[in-house]
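Asks: 3D, please:
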Amino acid sequence: MTRPRNLGCIFAAHAGSDSPAIVDLYDPDRPRGLSHRELDRACGAMAAGLAARGLGRGDRVAICAVNRLEYLIALFGAMRAGCVPVMVNIKLPEETIRFIVEDSGARIVFADGDFAFDPPDGTARVSFDGEEWREFASPEPLAPFVPQPVDIAEQPYTSGSTGRPKGVLLDHAGQCWMIDRLVETRGLRPDDASVISAPLYHKNALLAVKSALAAGGSIVLFARFDARRYIRAIEDHRLTMLTGVPTMYALILQEDDLLAATDLSSVRACSMGSAPASDNLLDSLADTFPDAELNLNYGITEGGPIVFSWKHPDGLARPRMTVGYPIEGVELRLVGGPDADRGTLHVRSPGVMAGYHNLPDDTARVLVDGWLDTGDVLRRDADGWYYFVGRVDDMFVTAGENIYPGAVEAMLERHPDIMQAVVVPAPNALKAHVPVAFVVARPRAGIDEDTVKTYALANGPAYAHPRRVFFMDALPLSGTNKIDRRALQGQAADAARESGTAG
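Replies: You can find the predicted model right below:
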């Protein structure tokens, strides 16, 4: 039996290349770059440094930092040493960060120099900006750890939106399998240049980095998302692959003047995930990047994370709003719906997690015989394309009627003047909850609350129309660059109490 490869060596085929691997814009005025050869050496030296300090197979290594070159060296180097990197969302409260570090049992924490976090007793801290980091690498050669099929490669944590964050155990074999499938199905090439502005502790950014490097391409790495710097990078670095979430793209599209003055001709694909995109947003992207494919993604950390391809095996044209067709080797079923083509998505593949760290009951609840219950409702059309409907957890009841916010949002976003919409429940004395909408209008659109309500009543069931509509310049994002529904729900509840309708 072939032993699994080490995920930390995912770009090994290009380790001898002097082509660009990373352009780090942590300090935009002082870009730093590494070739594939230099990145390979740095990761190997990092692995040797960990081994020299007695860390190896199964030891957890936490990373608490914004996107930067050192983050990736620590990430890949830890896996090469047999350690398990734990990528921590630094936007979480300090109490939650401490919980993650303690729960994982991390023996060492790598962090930004200005990150105010005191690790638990027994856990060392190394600042990426300090002398200890500069001396951490070991010049002694270290052969990469050769994992067994059960060996864990990395341990990201869930967002904790429905409770405490849970450590997700992803093994080397499954993750290498997943990256191979993505490079193949997405047609990634050595001449691709991808931009990464989503945080590296999130599945979207981690996957984009690994697949780009595995294909021999390069990445341009931003510490934080900034719409104007993002746009400038397209021309400066001849970016071919854009990645982000719909809200990030909406902010980019608001920069009309800069977009008009920028050479965007290098872009051949715009990829987005973590939230549904509207037709209006996709129309605007198609106008702005006429030569680019627009690709919607669906993924879940526990699922590996990607389960769909952008291509159909019969060569059928991809419908605009689909999240894709199952990747070969991924089994899917829809459970608990009105028919076999709608329901909660269950997935089984080599990429599915081994389980939750130290949580056997939670693991048993969502993982049965290798089948993962994603908690997401999807539908399938006659050609086998899948479409995201909504989260089971997001569903709420209004006067006895089930409302899936995603369905109401999709309806609202078909209005020509609405770029984005988010629907959340607000407390109501008579109906328990009622829908409330937060809307981002297209630039210079003339739209008001009554217009939105009238449109909703004409295009959807009356019980699902938003009772209040709030207009925003941009929707708030959580630490994982998803729309912060919890914050919006809090605003909706405050407004209900102020109006006296909450009861």
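Asks: tell me the SS of the most centrally placed residue in the chain?
Replies: Nearest to the mean C-alpha position of the chain, counting by CA atoms, centre = their mean, stands Asn204 at 3.0 Å. Using DSSP: H, G, I helix; E, B strand; the rest coil, the structure places Asn204 in helix.
Asks: quick one: it and Met248, what's the gap?
Replies: Taking CB to CB, to the nearest Å as the measure, Asn204 falls 11 Å from Met248. Quick note: C-beta positions are derived from backbone N, CA and C, even for glycine.
Asks: per-domain residue ranges of this protein.
Replies: The chain breaks down into these domains under automatic domain parsing: 1-18+36-174, 395-499.
Asks: nearest to Ser349, out of the ones you listed?
Replies: Closest of the domains of the chain to Ser349 is domain 1-18+36-174, at 7.6 Å (criterion: CB to CB).
Asks: check the offset of that closest one from the chain's centre.
Replies: 18 Å (CA atoms, centre = their mean, to the nearest Å).
Asks: I'd like the average pLDDT over it.
Replies: Across domain 1-18+36-174, the average pLDDT comes to 92.
Asks: start the count at 34, not 1, going forward
Replies: Sure, I'll start counting at 34 from here, so that last one is domain 34-51+69-207.
Asks: I'd say the residue nearest to the centre of the chain and Lys243 touch.
Replies: No. Judged on CB atoms under 8 Å, Asn237 makes no contact with Lys243 at a distance of 11.4 Å.
Asks: and the helices in this protein?
Replies: With DSSP state H as the criterion, the chain has helices at 69-85, 102-113, 127-137, 164-167, 205-218, 236-247, 260-269, 279-286, 289-293, 312-321, 393-399, 438-445, 482-492, 518-532.
Asks: nearest to Cys42, out of those?
Replies: helix 102-113 (6.4 Å).
Asks: returning to that earlier point: okay, the helices of the chain in CSV with distance to His47 next?
Replies: Shown next, in CSV, are these (distance: least, CB to CB, whole Å):
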stretch, distance to His47
helix 69-85, 4
helix 102-113, 13
helix 127-137, 31
helix 164-167, 25
helix 205-218, 12
helix 236-247, 7
helix 260-269, 22
helix 279-286, 28
helix 289-293, 33
helix 312-321, 30
helix 393-399, 36
helix 438-445, 39
helix 482-492, 50
helix 518-532, 40
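Asks: hey, which of those helices is tucked in deepest?
Replies: Among those, helix 102-113 has the highest mean neighbour count (mean count of other CB atoms under 10 Å), at a mean of 26.
Asks: hmm, who's touching that one?
Replies: Contact partners of helix 102-113, identified using CB atoms under 8 Å, 6 or more residues apart in numbering, comprise 39-43, 55, 57, 59, 65, 67, 72, 75-80, 82-83, 94, 96, 98, 117-118, 120, 143, 161, 166, 175, 177-178, 186-187, 205, 233, 242, 254.
Asks: among the helices of the chain, which is nearest Lys344?
Replies: Of all those, helix 205-218 comes closest under CB to CB, at 6.0 Å.
Asks: need the pLDDT of the residue lying closest to Met386 once chain neighbours are set aside.
Replies: Excluding its sequence neighbours, the residue lying closest to Met386 (CB to CB, 6 or more residues apart in numbering) is Glu335, at 4.6 Å. Note on Glu335: pLDDT of 94.
Asks: now do the contacts for Glu335.
Replies: Thr191, Val201, Val385, Met386, Val399, Leu400, Leu405, Thr407.
Asks: 10 Å - rerun?
Replies: 189, 191, 199, 201-203, 236, 380, 384-389, 396, 399-400, 405-408 (CB atoms under 10 Å, 6 or more residues apart in numbering).
Asks: buried ones among those residues?
Replies: Burial by neighbour count, judged by 16 or more other CB atoms under 10 Å, picks out 189, 191, 199, 201-203, 236, 380, 384-389, 396, 399-400, 405-408 from those.
Asks: restricted to strands, list the residues you listed.
Replies: Using DSSP state E, the subset of the buried ones among the contacts of Glu335 located in strands is Val201, Leu202, Leu203, Val380, Gly388, Tyr389, Leu400, Leu405, Asp406, Thr407, Gly408.
Asks: a markdown table for those residues, including distance to Arg530?
Replies: As requested, those are exported to a markdown table (distance: CB to CB, whole Å):
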| residue | distance to Arg530 |
| --- | --- |
| Val201 | 37 |
| Leu202 | 42 |
| Leu203 | 42 |
| Val380 | 40 |
| Gly388 | 41 |
| Tyr389 | 36 |
| Leu400 | 40 |
| Leu405 | 39 |
| Asp406 | 35 |
| Thr407 | 34 |
| Gly408 | 30 |
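Asks: follow-up on the earlier one: out of the domains of the chain, which gets nearest to Phe258?
Replies: Comparing the domains of the chain by CB to CB, domain 428-532 comes nearest, at 7.2 Å.
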